[in-house]
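Asker: Kindly return the folded structure for what I paste below:
(one chain, ligands or ions: 3)
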Amino acid sequence: MAPSEDIERFESTGKGRGLRALRGFKVGELLFSCQAYTYVLTVNERGNHCDSCFARKEGLSKCGKCKQAFYCNVDCQKGDWPMHKLECSSMCAYGQNWNPSETVRLTARVLAKQKTQTERTPSERFLSVKEFESHLDKLDNEKKELIQNDIAALHHYYSKNLQYADNSALEVIFAQVNCNGFTIEDEELSHLGSAIFPDVALMNHSCCPNVIVTYKGTVAEVRAVQEIDPGDEVFTSYIDLLYPTEDRNDRLKDSYFFTCDCKECATNQKDGAKLEIRKMNDPPSPQAIRDMVKYARNVVEEFRRAKFLTDLPPSELLEICELSMEKMGDVFEESNVYMLHMMYQAMGVCLYMQDWDGALKHGQKIIKPYSKHYPAYSLNVASMWLKLGRLYMGLEKRTAGTKALKKAIAIMEIAHGPDHHYIAEIKKELEH
Ligand SMILES: [Zn+2]
Ligand SMILES: [Zn+2]
Ligand SMILES: [Zn+2]
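Answerer: Ligands and ions are numbered 1, 2, ... in the order given. So this is what the prediction gives:
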């Protein structure tokens, strides 16, 4: 763990508390790391990753009771028991009907942890879980209702093993988890789980962040992606930076209750390219452009709902992507972020269907504009190079594959650090 003389908590003008560097940091340098206060492996990755240390490997051993948690060895199993016991017998009892959301699962673990852990943990050097912002007063009725549903699910699935605080205290904890929780992703940005990293949650947001957060198992690592001078505030990004200023701020307002005033938001420098309009002899009218942006935002939302809330077959998801791209293509360039959004979704569906040529075709179109729209070191760009590289390699296109994998490594050496096991794995793929 980095000595705490390198960074400190401070009052950031207009932003409340924040994190500040006390010395200079070079690009790629580690500022600090933070073990998860608590975490949970996502249901879909059970059996692929150890529930305790998140290691990805074959031949993990099952929990003998529920047969739904998987571990490297007895040590991992023992280490996880204080958390797994919240779910083990409940999963046996409910069987197929056991389906609390990941937020509920994570919050149950926060409650259990708070019961047993009364002293400040090493994950809370700068900010403790108790101090988390809840923004409870800013929640609208819809959000409050979602929290009440979560509380009901908590009572339903976890009551045997947890004693609860009263409803208003639970409301605060759910609100805190909602705006301070992290999702853990793998090197291709696939979702692995959710976690609480208190010290990481202290950092404020910027759309031109000077650090990136990556994960090594259940440890978060924070590295500089811009030169940081002594006294500089440390900024991470809370959101996907692909989108134009207005969309980013809608997202920030909705999830984190503030409007960003970073350089990117003040100047809107990249918005023109992000909303690139087709060059035509008879260019679309301003009204036609506005209408198409409105359509694009709706279709993004429509697709999200279709993907997560319905069981539409992949072929129909793909059709939404294709039809919307065809329509948007009348007005937008292919480099337009709404086109890219649907291309990315289409690529995801192709990967899911193991249509490697289809996935590659989309990925090849995405990578160049991605590199332009995102900051210099971006996990979105790295993971796109990685997916492309792996697709090329799988399709025996070694020259293109090698080039793409090396592009991924170049970004990851800064963002993940050169010693990360993901990089060692990609280097092995290069040798084959
Ligand atoms: Zn393990
Ligand atoms: Zn079990
Ligand atoms: Zn911003």
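
Asker: And the residue of the stretch 301-432 of the chain that's closest to ligand 1?
Answerer: The minimum distance from the stretch 301-432 of the chain to ligand 1, using Cβ to the ion, falls at His421 (13.3 Å). (Glycine included, C-beta is placed from N, CA and C.)

Asker: What is the burial count for the residue of the stretch 151-300 of the chain found nearest ligand 2?
Answerer: The minimum distance from the stretch 151-300 of the chain to ligand 2, using Cβ to the ion, falls at Asn161 (12.3 Å). The burial count assigned to Asn161 is 15, neighbours taken as other Cβ atoms under 10 Å.

Asker: Setting the sequence-adjacent residues aside, check what's closest to His341.
Answerer: Nearest residue to His341 in three dimensions, chain neighbours excluded: Val300, at 5.8 Å (Cβ to Cβ, 6 or more residues apart in numbering).

Asker: Now that neighbour: which helix or strand?
Answerer: Secondary structure from DSSP states H and E places Val300 in helix 286-309.

Asker: Show me the beta-bridge partners of the residue nearest in space to the middle of the chain.
Answerer: Most central in the chain under Cα atoms, centre = their mean is Thr183, positioned 4.8 Å from the mean C-alpha point. Thr183 has these beta-bridge partners by DSSP bridges: Ser194.

Asker: can you pull the contacts of it?
Answerer: 191-195 (Cβ atoms under 8 Å, 6 or more residues apart in numbering).

Asker: if I look at it, how far off is Pro418?
Answerer: With the distance defined as Cβ to Cβ, to the nearest Å, Thr183 ends up 25 Å from Pro418.

Asker: quick one: the strands in the stretch 201-350 of the chain?
Answerer: With DSSP state E, counting those that start in this stretch as the criterion, the stretch 201-350 of the chain has strands at 204-205, 211-216, 219-224, 235-236.

Asker: and what of the stretch 51-200 of the chain?
Answerer: Ranges of strands in the stretch 51-200 of the chain, per DSSP E, counting those that start in this stretch, are 61-62, 70-71, 182-185, 191-196.

Asker: Please state the mean pLDDT value computed over the longest one.
Answerer: In this case it means strand 191-196. On average, the pLDDT along strand 191-196 is 98.

Asker: what residues does that strand touch?
Answerer: For strand 191-196, contacts defined as Cβ under 8 Å, 6+ apart pick out 36-42, 44-45, 49, 54, 102-103, 105-106, 110, 123, 129, 177, 180-186, 215, 218, 220.

Asker: and that strand, how far out from the chain's middle?
Answerer: 8 Å (Cα atoms, centre = their mean, to the nearest Å).

Asker: orientation of that strand relative to strand 211-216 in degrees?
Answerer: With axes from the mean of the first three to the mean of the last three Cα atoms, to 10 degrees as the basis, strand 191-196 and strand 211-216 are set at 110 degrees to each other.

Asker: List the buried residues in strand 191-196.
Answerer: The neighbour-count check on strand 191-196 (16 or more other Cβ atoms under 10 Å) flags 192-196 as buried.

Asker: do stretch 145-156 as well
Answerer: For stretch 145-156, by 16+ other Cβ under 10 Å, it's 147, 150-151, 153-154.

Asker: Just the C-alpha atoms of that stretch, please, in PDB.
Answerer: Listed next in PDB are the C-alpha coordinates belonging to stretch 145-156 (Å, rounded to 0.1, in the frame of the first residue of the first chain):
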ATOM      1  CA  GLU A 145     -39.500   3.300  -4.600                       C
ATOM      2  CA  LEU A 146     -36.600   1.300  -6.000                       C
ATOM      3  CA  ILE A 147     -34.900   1.500  -2.700                       C
ATOM      4  CA  GLN A 148     -38.000   0.300  -0.900                       C
ATOM      5  CA  ASN A 149     -38.100  -2.700  -3.300                       C
ATOM      6  CA  ASP A 150     -34.500  -3.400  -2.400                       C
ATOM      7  CA  ILE A 151     -35.300  -3.300   1.300                       C
ATOM      8  CA  ALA A 152     -38.200  -5.700   0.800                       C
ATOM      9  CA  ALA A 153     -35.900  -8.100  -1.100                       C
ATOM     10  CA  LEU A 154     -33.300  -7.800   1.700                       C
ATOM     11  CA  HIS A 155     -35.900  -8.800   4.200                       C
ATOM     12  CA  HIS A 156     -37.100 -11.600   2.000                       C
END
